[in-house]
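**Q** Next come a sequence and a model predicted from it.
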Amino acid sequence: MNQASFWEDPEVVERFVNRKPDHRLVPLLATAPKTWKILDIGCAAGRNTIYMVEQGFDVFALDASKAMVDKTRERLCSFMTEEEAKKRVIHGQMQDLSIFANESFDLVVALGVYQDAESFAIWLRALTESARVLKKDGICLVAQFAPDHQPHGKRAQALENEKHVFIGASRDDARRLTLLDGKEMDTEFAKLKLLPITPTEHVRRATEQGFRSTVNGFYQKKA
């Protein structure tokens with residue numbers, strides 16, 4: 001199964017429905033003003049989107065998978081009309097947020113999504129768009145795989161002449177991922193005036209065959 005088919009598979013969609021909200025997002029929102037407007041990029045089946053709506057926040061979401069978008073919209077219908085759910089959950093690409101105005105959001109949630117850029121150029125466009133729609137002093141909560149990510153026991157291989165692009169880090173050997181370590185992420189975010197609120201973390205979690213390696217960042221947009 002290629003990666004596009006994977007994200008459209010009904011079994012995969014249901015698997016994502018059952019995931020709990022992100023462990024860093026929950027305490028962040030516990031003290032956040034309810035006036036916050038939030039964008040969830042790469043919302044999948046809505047694990048974070050639904051939680052944020054339940055907590056009373058003004059939430060918009062985007063995903064490249066139509067099946068994931070449809071499921072998130074369906075779940076949101078418990079809180080709003082179908083028409084409103086369609087307006088709030090958008091089928092689109094992370095590197096094109098043109099539907100949203102500059103400085104629209106207090107919080108951008110980008111968990112497990114930037115890595116899916118097939119080139120560093122696309123990764124940069126996605127980050128630039130996230131920074132554009134974020135208000136001054138707004139927050140960007142980020143997680144993405146690191147260069148040493150090897151959940152299936154084989155280390156990702158860097159492509160020659162393709163900065164930060166790797167293959168072999170997933171079951172689909174041809175899948176291209178853009179992977180940066182914590183220092184590299186901090187450098188690229190800083191170019192867009194997104195500075196760490198807390199030190200960027202490198203976290204490893206064991207899998208049956210290897211480990212998941214993730215960079216977790218928490219950035220604020222400065223003038």
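**A** Structure's in. What do you need?
**Q** hey, let's count contacts and neighbours off CA atoms from now on
**A** Will do.
**Q** and the closest residue in space to residue 111 that isn't next to it in sequence, which of the three is it?
**A** Nearest residue to residue 111 in three dimensions, chain neighbours excluded: residue 143, at 4.6 Å (C-alpha to C-alpha, 6 or more residues apart in numbering). Three-state call for residue 143 (DSSP: H, G, I helix; E, B strand; the rest coil): strand.
**Q** and what of residue 108?
**A** Reduced to three states by three-state DSSP, residue 108 is strand.
**Q** just residue 52 next, same as before
**A** Under three-state DSSP, residue 52 comes out as helix.
**Q** how about it, what does it touch?
**A** Contacts for residue 52 (C-alpha atoms under 8 Å, 6 or more residues apart in numbering) come out as 29, 59.
**Q** any idea how far the residue nearest to residue 111 lies from residue 179?
**A** 11 Å (C-alpha to C-alpha, to the nearest Å).
**Q** between those two, who's got more neighbours?
**A** Legend: neighbour count by other C-alpha atoms under 10 Å for residue 143 and residue 179, higher for residue 179 (30 against 21).
**Q** what helices or strands is the lengthiest helix in the chain leaning on?
**A** Criterion DSSP state H: the longest helix present in the chain is helix 120-133. Using 3 or more C-alpha pairs under 8 Å, 6 or more residues apart in numbering; DSSP states H and E, no helix or strand is in contact with helix 120-133.
**Q** Give me the residues contacting it.
**A** 94-97, 100-105, 108, 114-115, 117, 162-165, 178, 189, 192, 194, 221.
**Q** Which pLDDT value goes with the nearest residue to residue 223 once chain neighbours are set aside?
**A** Leaving aside its sequence neighbours, residue 223 sits nearest to residue 136 (C-alpha to C-alpha, 6+ apart; 6.4 Å). Confidence at residue 136, expressed as pLDDT, is 97.
**Q** contacting residues for residue 136?
**A** Residue 136 touches 103, 221, 222, 223, counting by C-alpha under 8 Å, 6+ apart.
**Q** Let's see that with 7 Å instead.
**A** By C-alpha atoms under 7 Å, 6 or more residues apart in numbering, the residues touching residue 136 are 221, 222, 223.
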